[in-house]
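K.L.:
fold the following and give me the result.
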Amino acid sequence: MLARRAAIVAALFCGTTAAAQEMKSGSLPEQGASALERYVAEMWSGADADWKQRLQQDETQAQCSRFRNNPPDDIAEAIRKREAATIALPEDGNVLGRWQDGEKIAQNGRGGQFSDAPDTVRGGNCYACHEMAKSEASFGTLGPSLAEYGKLRGFSAEAAKETFAKIYNSQATLPCSSMPRFGVHGFLTAQQIKDVTAYLFDRESPVNK
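P.N.:
Residues are numbered from 1 along each chain as shown. From the prediction side, this is the model:
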């Protein structure tokens with residue numbers, strides 16, 4: 001089994017020079033695509049319907065894959081508009097929850113994994129990509145630093161609303177962003193997103209100290 005999977009991966013990534021050029025140009029070679037499809041089908045053959053559904057790309061994901069996360073301007077604008085339409089701001093206009101709960105969400109990387117129980121509370125795992133509170137010793141650098149986030153924006157109510165929307169669906173701000181679309185598929189609840197927004201904007205939050 002392992003040998004077969006290794007052979008599939010080799011076929012996908014170690015093709016001819018012409019195939020390599022096609023991959024650089026942003027399109028996956030036909031032989032690579034078929035190998036990938038076989039590999040995915042084999043790996044996920046025993047998965048339940050919910051997990052199999054996760055493998056189906058929506059229009060935005062397909063376009064980002066096609067252009068290797070660097071879509072032309074017209075496609076990028078179409079993505080931005082389409083994703084912006086999915087954002088659901090709180091009806092009462094309040095985008096700030098409890099920063100203490102937001103801190104827990106930012107530090108929690110559990111939920112939604114094969115090894116997690118169905119009732120596992122999901123976290124945003126924000127520290128995997130961002131610096132937030134300067135008191136935290138460990139954080140990722142894939143995303144920009146968010147230290148003093150609210151302070152640098154004057155604790156603006158409008159900036160807080162924009163941040164809620166960005167957490168809800170980052171693609172509406174930056175097409176093909178690496179940041180998950182936390183609110184679109186309900187990975188985080190609206191209340192959780194409000195709590196994370198408060199963690200970034202509350203004057204008492206350690207993020208702003």
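K.L.:
make it CA atoms for all contacts and neighbour counts henceforth
P.N.:
OK.
K.L.:
for stretch 175-193, list the C-alpha coordinates in CSV.
P.N.:
The C-alpha coordinates for stretch 175-193 follow below in CSV (Å, rounded to 0.1, in the frame of the first residue of the first chain):
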residue,chain,number,x,y,z
PRO,A,175,-8.9,36.5,-2.7
CYS,A,176,-7.1,33.2,-2.3
SER,A,177,-6.1,34.1,1.2
SER,A,178,-4.5,31.2,3.2
MET,A,179,-6.7,32.2,6.2
PRO,A,180,-9.7,29.8,6.7
ARG,A,181,-13.2,31.1,6.0
PHE,A,182,-14.2,30.5,9.6
GLY,A,183,-17.8,31.7,9.4
VAL,A,184,-18.9,30.6,5.9
HIS,A,185,-19.2,26.9,6.7
GLY,A,186,-19.9,27.4,10.4
PHE,A,187,-16.5,26.2,11.6
LEU,A,188,-16.7,29.0,14.2
THR,A,189,-20.0,30.4,15.4
ALA,A,190,-20.9,34.0,15.1
GLN,A,191,-20.4,34.4,18.9
GLN,A,192,-16.9,32.9,18.7
ILE,A,193,-16.0,35.3,15.9
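K.L.:
with adjacent residues omitted, what lies nearest to Trp99?
P.N.:
In space, and not counting its chain neighbours, Trp99 is closest to Tyr199: 4.0 Å by C-alpha to C-alpha, 6 or more residues apart in numbering.
K.L.:
so which bits of the strand or helix carrying Lys81 are buried?
P.N.:
When elements are defined using DSSP states H and E, Lys81 is found to belong to helix 73-84. Of the residues in helix 73-84, those buried by neighbour count under the rule 16 or more other C-alpha atoms under 10 Å are Ala76, Glu77, Ile79, Arg80, Glu83, Ala84.
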